[in-house]
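Visitor: just need the structure, nothing else, for what follows:
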Amino acid sequence: MPIQNIWVLNTDNSKFILKSLKLEHNCGRALENKKVTSHWIVKRYLEFFRDNPIMKVNVLQAMIKRDISVYVKKMTLYRAKNIALDEIEGEHLERFGKIRDYAFAVMMTNQGSLAVVDMDHIAGDESAVVFNAIFITFPAMAKGVLKGYRLL
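Guide: Next up is the predicted model:
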């Protein structure tokens, strides 16, 4: 493309000429962005981490490069994955930490009901448990089954 001369008029009515303006450029694009931090990645891709907790970092790196055209270092991605998994597991611990209280409340408010919570201890840490299952039956359901009514 040819070089164009452009006249510009200032506010004080003095003119000057910009002698070289190239409308095309061939400088390279910066692929790294310091604003794409591990916390930013977690905030933007948390649902993806929730759906695919065992995904490889290479897949995430390719996805970010495809989505926003930015190269992210693997260490940043490992950090983001660990933060996301901690956040997701924290939500699970918060939810399932109250399951025993819920079972106790069911038995106290519905006399004759039965609530059994099955949890496993994590090897090496007896205080940490993992939720397996919960069984709840109410007196009316138990009486119906004993009389031969259909199970739900």
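
Visitor: just the element for Ile41, please.
Guide: Using DSSP states H and E, Ile41 sits in helix 38-51.

Visitor: going on from that helix, what's the next piece of helix or strand?
Guide: Counting by DSSP H and E, what follows helix 38-51 is helix 57-68.

Visitor: Asn132 should be in a strand, yeah?
Guide: Yes - per DSSP: H, G, I helix; E, B strand; the rest coil, Asn132 lies within a strand segment.

Visitor: where do the helices sit along the protein?
Guide: Here the chain has its helices, by DSSP state H, at 38-51, 57-68, 74-96, 99-109, 139-146.

Visitor: what's the closest of those helices to Ile122?
Guide: With CB to CB, the closest approach to Ile122 among the helices of the chain belongs to helix 74-96: 11.8 Å. Heads up, the C-betas are built off the backbone N, CA and C, glycines and all.

Visitor: angle of that closest one against helix 38-51?
Guide: 60 degrees (axes from the mean of the first three to the mean of the last three CA atoms, to 10 degrees).

Visitor: export the helices of the chain to a markdown table and append columns for mean pLDDT, distance to Asp120 and mean neighbour count.
Guide: Output for these, formatted as a markdown table (pLDDT from 0 to 100; distance: least, CB to CB, whole Å; neighbours: other CB atoms under 10 Å):
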| stretch | mean pLDDT | distance to Asp120 | mean neighbour count |
| --- | --- | --- | --- |
| helix 38-51 | 92 | 23 | 15 |
| helix 57-68 | 93 | 29 | 13 |
| helix 74-96 | 84 | 12 | 14 |
| helix 99-109 | 90 | 13 | 13 |
| helix 139-146 | 84 | 27 | 12 |
